[in-house]
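Participant: Predicted structure and sequence below. I'll ask about it afterward.
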Amino acid sequence: MTQSTSSILDMFKKLGEDMKIPSVDLNKIIDHHRKNLEALAASGKAAAEGAAAFASKQREIVEAAVKDIQEASKNFKVPGSAQEMMAAQTEFAKRAMEAAVRNTRDMADLVQKHNQDAVRIIQDRMKESYEEIRQSFQKK
């Protein structure tokens, strides 16, 4: 005893009408998922831009370090005493440490900003999605 596909669909359609189950708007569902995918793409783009900015900042830091080393070697002179040598090494180490701290802070700020941007895109889409779902359940 087999029934045709259309008669089974008709049976479920009638059952849904009898139970007053709301009809599904397939276009709204597709649009909802399209917006989700667009948000994921935008978030991925923001993350990729962050990675590119991070790499660019790293290159900038390395170039600055090489320049500082070259400058230090050009201006290098043999100090006259042990105290002068220690003072010169201390000054160089101090500048290197300050640069390292500054660069680390800049890199952390850069990563944090781009991560926040990527996450914010997803959070905004989630809020929109919840609102769309809430509105779809309101009586018309």
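Facilitator: Perfect, thanks for sending it. Numbering: from 1, shown residues only.
Participant: and the helix or strand encompassing Arg105, how far from the chain's centre?
Facilitator: Per DSSP states H and E, Arg105 falls inside helix 82-136. Computed by CA atoms, centre = their mean, to the nearest Å, the separation of helix 82-136 from the middle of its chain amounts to 13 Å.
Participant: for it, packing partners?
Facilitator: helix 26-74 (3 or more CB pairs under 8 Å, 6 or more residues apart in numbering; DSSP states H and E). No exception for glycine: its C-beta is placed from N, CA and C like everyone else's.
Participant: What helices and strands are in contact with the helix it packs on?
Facilitator: The contact analysis (3+ CB pairs under 8 Å, 6+ apart) places helix 26-74 against helix 82-136.
Participant: The helix it packs on - what's its average pLDDT?
Facilitator: In this model, helix 82-136 has an average pLDDT of 89.
Participant: Now do the contacts for Ile36.
Facilitator: One correction, residue 36 is Asn, not Ile. Counting by CB atoms under 8 Å, 6 or more residues apart in numbering, Asn36 touches 125, 129.
Participant: burial measure for Asp109, as a count.
Facilitator: 11 (other CB atoms under 10 Å).
Participant: which residues touch it?
Facilitator: Counted by CB under 8 Å, 6+ apart, Asp109 has zero contacts.
Participant: Would you check how far apart it and Glu71 are?
Facilitator: The spacing between Asp109 and Glu71, counted by CB to CB, to the nearest Å, is 26 Å.
Participant: same question, Ser129
Facilitator: 55 Å.
Participant: ok, the two, which is more surrounded?
Facilitator: Shown here are Ser129 and Glu71; by other CB under 10 Å, Ser129 has more neighbours (15 against 10).
Participant: Pretty sure the more buried one sits against Arg34.
Facilitator: No - Ser129 lies out of contact with Arg34 (CB atoms under 8 Å); the separation is 11.8 Å.
Participant: How many neighbouring residues does the closest residue to Ala72 other than its chain neighbours have?
Facilitator: Counting by CB to CB, 6 or more residues apart in numbering, Phe92 is the residue found nearest to Ala72 once chain neighbours are left out, at 6.3 Å. For Phe92, the neighbour count with other CB under 10 Å is 14.
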